[in-house]
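Visitor: A predicted structure for the sequence below; I have some questions about it.
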Number of protein chains: 2
Amino acid sequence: MQACNRAIIARMESPVPLIPQLGAHLVAAGGKRLRPLLTLAASRLCGYQSTPENQRHVGLAACVEFIHTATLLHDDVVDESNLRRGLASANAVFGNKASVLVGDFLFARSFQLMTADGSLKVMAILSDASATIAEGEVLQMVTQNDLSTPVERYLEVIHGKTAALFAAACRVGAVVADRPEVEEVALDRFGTNLGMAFQLVDDALDYAADQQVLGKTVGDDMREGKITLPVLAAYEAGSPEDRAFWERVIEKGEQTEADLPHALALIEKTGAIATTIARAQVYAAEAVEALSIFPDSELRRLMTETVQYTVDRAR
Amino acid sequence: MQACNRAIIARMESPVPLIPQLGAHLVAAGGKRLRPLLTLAASRLCGYQSTPENQRHVGLAACVEFIHTATLLHDDVVDESNLRRGLASANAVFGNKASVLVGDFLFARSFQLMTADGSLKVMAILSDASATIAEGEVLQMVTQNDLSTPVERYLEVIHGKTAALFAAACRVGAVVADRPEVEEVALDRFGTNLGMAFQLVDDALDYAADQQVLGKTVGDDMREGKITLPVLAAYEAGSPEDRAFWERVIEKGEQTEADLPHALALIEKTGAIATTIARAQVYAAEAVEALSIFPDSELRRLMTETVQYTVDRAR
């Protein structure tokens, strides 16, 4: 992982100083580096031998993080967010223009990293994931403020915006280890289901955790009129009066300061968080199951624990 | 070119309807399709045999147009433009969010098209060009409002934002034809110099043409405080009073309605357009010269005429 962090910083370089400056801001903001970790873990689970000459997994882990960072930069612009991981977001510090353009640069750089890796199979996986992410983001934008969004549509959104890259990050780990298709598919399935669980919990936390724990403002999703499962579940299970409340704040976007506490109370009353976490558990179980084709090992146990930790964040 | 237009429309498809909708808006807005035409022309100049099975040049031409369209979508967001090619820009119709996200999608799709083509060499050329474009755009943003920007820096900006993709569009034409390095280099040089000439003339037209001819608002660059050669030349050659004017409108961004006519008069008085066009002519001559390694042909003459037309637009 240290090698991956070094690769990330080294490949953020550019003759245009603002690019590494903004890059340093993102690196300093930390982040869990969950996606590149998945690439490293998946490659090792598949028996990839890391040697000083054999560092493809590191380059691809950095590549995955660049794709993710590019989407974060653009997300913050699109969502007009001012906080990211508890710190001022890049767009708040450097402006929206810089975030759009540096996001484009990181995206292009990720494709340079893939090209340097040289595997057409890897390129297909990561370019497909990139297109799916963008489709998921557009779909999320289209469903914004729309309480009639079916749960299935919401699941499509989080599959696109989150699970697709988790899946690709895992899958390329199997590809660099040159393992049979069945292991690729298993790791893809692991990543997809982990990503779904992760995003469901994230969406639950937006109506539950406090800002310090989450590194973002509680109620962001509500303020943006974002359609997430907690809202859909609370709306579905709500009284006519509750529904009128959600229609005003989510569909019409008319919000006052008293609305967030009331929303949290309705979410609590209708068990919407529990509904959301229960769904996340189903995906989590599927992720763990996907690993069953690999022999038991410390690494496999660690990956299983990661899945459980992802869901337990919400408690 | 019809095959290329069909490929562009076909590959704009997505299960998320907003993506082809916004795509159709861009296709309807027309545009000269100059960059994909360069790929087609370059491949034919290098003797590429187009057959029903052999359509790599078409896929790559579409790919080049997707990269270009993605940058246009993001440019219009960054520049807060409301017009593009004389019609309402995508961000004005669909909003900034849609433009950012659909731009990301088109960029990802361009990488899918490259992956489908399968040549690592092509991928390196186009992913390098994509990174250079983003660097050029960031550099342009950094130099905004700064009249002390050296002309060399301005040339770096237009090399990045325009000439790099012209060069790559031409170069991949030689690559698909599987021609010796010397032809690749010649076409790269042709594209680079044509791109530089093209952007210089574009920047001149922003202080000269009327909106109908140009398909954009005259004075856009001034309103945005963009540093272009016409302004740098007029500032350099201006009286102390002229310089104070430019400092107010470009550096401080304090503009009134009377400023545009005055700016155009100063540009005229100092011969700044002529200075800009003269530089474009130098690049144009270099572009024509680059083609001299190819035997005389109707296509070569057409490409030479395209260079001259690019510069003559400004008259």
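Guide: That came through, no problem. Residues are numbered from 1 along each chain as shown, chains lettered A, B, ... in the order given.

Visitor: distance of A:T149 from chain B?
Guide: 13 Å (C-beta to the nearest C-beta, to the nearest Å). To be clear about C-beta, it is placed using only N, CA and C from the backbone, and glycine gets the same treatment.

Visitor: Now do the contacts for that residue.
Guide: Listed by C-beta atoms under 8 Å, 6 or more residues apart in numbering or on different chains, the contact set of A:T149 reads A:T143, A:I227, A:L232.

Visitor: What ranges does the stretch 51-200 of chain A have for its helices?
Guide: A:56-79, A:90-94, A:96-117, A:120-143, A:151-158, A:164-176, A:181-205 (DSSP state H, counting those that start in this stretch).

Visitor: Report all helices and strands that the longest one contacts.
Guide: Helix A:181-205 is packed against helix A:34-45, helix A:151-158, helix A:164-176, helix A:229-237, helix A:272-290, helix A:298-312, with contacts defined by 3 or more C-beta pairs under 8 Å, 6 or more residues apart in numbering or on different chains; DSSP states H and E.

Visitor: can you rerun that using 6 Å?
Guide: With contacts defined as 3 or more C-beta pairs under 6 Å, 6 or more residues apart in numbering or on different chains; DSSP states H and E, helix A:181-205 has these neighbours: helix A:164-176, helix A:272-290, helix A:298-312.

Visitor: The shortest one too?
Guide: On a contact count with 3+ C-beta pairs under 6 Å, 6+ apart, helix A:90-94 meets helix A:18-28, helix A:56-79.

Visitor: from the helices and strands packed on helix A:181-205, which stretch is densest packed?
Guide: Stretch with highest mean neighbour count among the helices and strands packed on helix A:181-205: helix A:164-176 (a mean of 28; mean count of other C-beta atoms under 10 Å in any protein chain shown).

Visitor: What mean pLDDT does that helix get?
Guide: Here helix A:164-176 scores 97 as its mean pLDDT.

Visitor: Next: stretch A:140-159.
Guide: Averaged across stretch A:140-159, the pLDDT comes to 97.

Visitor: Can I get stretch A:59-73 in PDB, CA atoms only?
Guide: Output of stretch A:59-73 as PDB, limited to C-alpha atoms (Å, rounded to 0.1, in the frame of the first residue of the first chain):
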ATOM      1  CA  GLY A  59       0.200   0.600 -11.000                       C
ATOM      2  CA  LEU A  60      -3.300  -0.700 -11.500                       C
ATOM      3  CA  ALA A  61      -4.300   0.100  -7.800                       C
ATOM      4  CA  ALA A  62      -3.100   3.700  -8.400                       C
ATOM      5  CA  CYS A  63      -5.100   3.700 -11.600                       C
ATOM      6  CA  VAL A  64      -8.300   2.600  -9.800                       C
ATOM      7  CA  GLU A  65      -7.700   5.400  -7.200                       C
ATOM      8  CA  PHE A  66      -7.300   8.000  -9.900                       C
ATOM      9  CA  ILE A  67     -10.600   7.000 -11.500                       C
ATOM     10  CA  HIS A  68     -12.300   7.200  -8.100                       C
ATOM     11  CA  THR A  69     -10.700  10.600  -7.300                       C
ATOM     12  CA  ALA A  70     -11.700  12.000 -10.600                       C
ATOM     13  CA  THR A  71     -15.300  11.000 -10.000                       C
ATOM     14  CA  LEU A  72     -15.100  12.500  -6.400                       C
ATOM     15  CA  LEU A  73     -13.900  15.800  -7.800                       C
END
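
Visitor: where does chain A have low pLDDT?
Guide: A:30, A:83-86, A:209-217, A:314-315 (pLDDT under 70).

Visitor: Please repeat the previous calculation with a cut-off of 90.
Guide: A:1-13, A:20-33, A:50-54, A:75-97, A:208-220, A:257, A:312-315 (pLDDT under 90).

Visitor: Which of the helices and strands packed on helix A:181-205 sits closest to B:V175?
Guide: B:V175 lies closest, by C-beta to C-beta, to one member of the helices and strands packed on helix A:181-205: helix A:164-176, at 25.5 Å.

Visitor: Run through the neighbouring helices and strands of that closest one.
Guide: Judged by 3+ C-beta pairs under 6 Å, 6+ apart, the packing partners of helix A:164-176 are helix A:34-45, helix A:56-79, helix A:120-143, helix A:181-205.

Visitor: Need the ones you listed in JSON lines (columns: mean neighbour count).
Guide: As requested, these are exported to JSON lines (neighbours: other C-beta atoms under 10 Å in any protein chain shown):
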{"stretch": "helix A:34-45", "mean neighbour count": "24"}
{"stretch": "helix A:56-79", "mean neighbour count": "25"}
{"stretch": "helix A:120-143", "mean neighbour count": "23"}
{"stretch": "helix A:181-205", "mean neighbour count": "23"}
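
Visitor: which residues does the spatially most central residue of chain A contact?
Guide: Nearest residue to the geometric centre of chain A (C-alpha atoms, centre = their mean): A:T162, 4.1 Å. Going by C-beta atoms under 6 Å, 6 or more residues apart in numbering or on different chains, A:T162 touches A:G195, A:Q199.

Visitor: The one 4 residues further on now?
Guide: Applying C-beta under 6 Å, 6+ apart, we find A:F166 in contact with A:G191, A:L194, A:G195.

Visitor: Relative to chain B, how far out is the second one?
Guide: Meaning A:L194. 22 Å.

Visitor: How about the last one?
Guide: Between A:G195 and chain B the distance is 18 Å, computed by C-beta to the nearest C-beta.

Visitor: isn't A:V58 right next to A:A3, touching?
Guide: Yes. Here A:V58 reaches A:A3: they are 4.8 Å apart, a contact under C-beta atoms under 6 Å.

Visitor: OK, contacts around A:A167?
Guide: A:A167 makes contacts with A:D188, A:G191, A:T192, as judged by C-beta under 6 Å, 6+ apart.

Visitor: In a markdown table: the contacts of A:T149, plus distance to chain B.
Guide: Below are those laid out as a markdown table (distance: C-beta to the nearest C-beta, whole Å):
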| residue | distance to chain B |
| --- | --- |
| A:T143 | 10 |
| A:I227 | 15 |
| A:L232 | 19 |
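
Visitor: Around chain B, which positions in the stretch 1-150 of chain A sit nearby?
Guide: Applying C-beta under 6 Å from any C-beta of the partner chain, one finds that the stretch 1-150 of chain A approaches chain B through A:14, A:16, A:18-19, A:74, A:78, A:97, A:100-101, A:104-105, A:108-109, A:111-112, A:115, A:118, A:120, A:123-124, A:127, A:130-131, A:134-135, A:137-139, A:141-142.

Visitor: now do 7 Å
Guide: By the rule C-beta under 7 Å from any C-beta of the partner chain, the part of the stretch 1-150 of chain A lying against chain B is A:14, A:16, A:18-19, A:74, A:77-78, A:97-98, A:100-102, A:104-105, A:107-109, A:111-112, A:115, A:118, A:120, A:123-124, A:127-128, A:130-131, A:134-135, A:137-139, A:141-142.

Visitor: Leaving out chain neighbours, which residue sits closest to A:A287?
Guide: Of all residues not flanking A:A287 in the chain, A:N193 sits nearest, at 3.7 Å (C-beta to C-beta, 6 or more residues apart in numbering or on different chains).

Visitor: ok, the one you found to chain B distance?
Guide: 21 Å.

Visitor: for A:L302, same thing?
Guide: The value you get for A:L302 to chain B, if C-beta to the nearest C-beta is used, is 32 Å.

Visitor: One more: A:D259?
Guide: Distance from A:D259 to chain B, counting by C-beta to the nearest C-beta: 23 Å.

Visitor: Please apply the same query to A:Q21.
Guide: 10 Å.

Visitor: nearest spatial neighbour of that residue, skipping sequence neighbours?
Guide: Once flanking residues are discounted, A:Q21 sits nearest to A:F94: 7.9 Å by C-beta to C-beta, 6+ apart.
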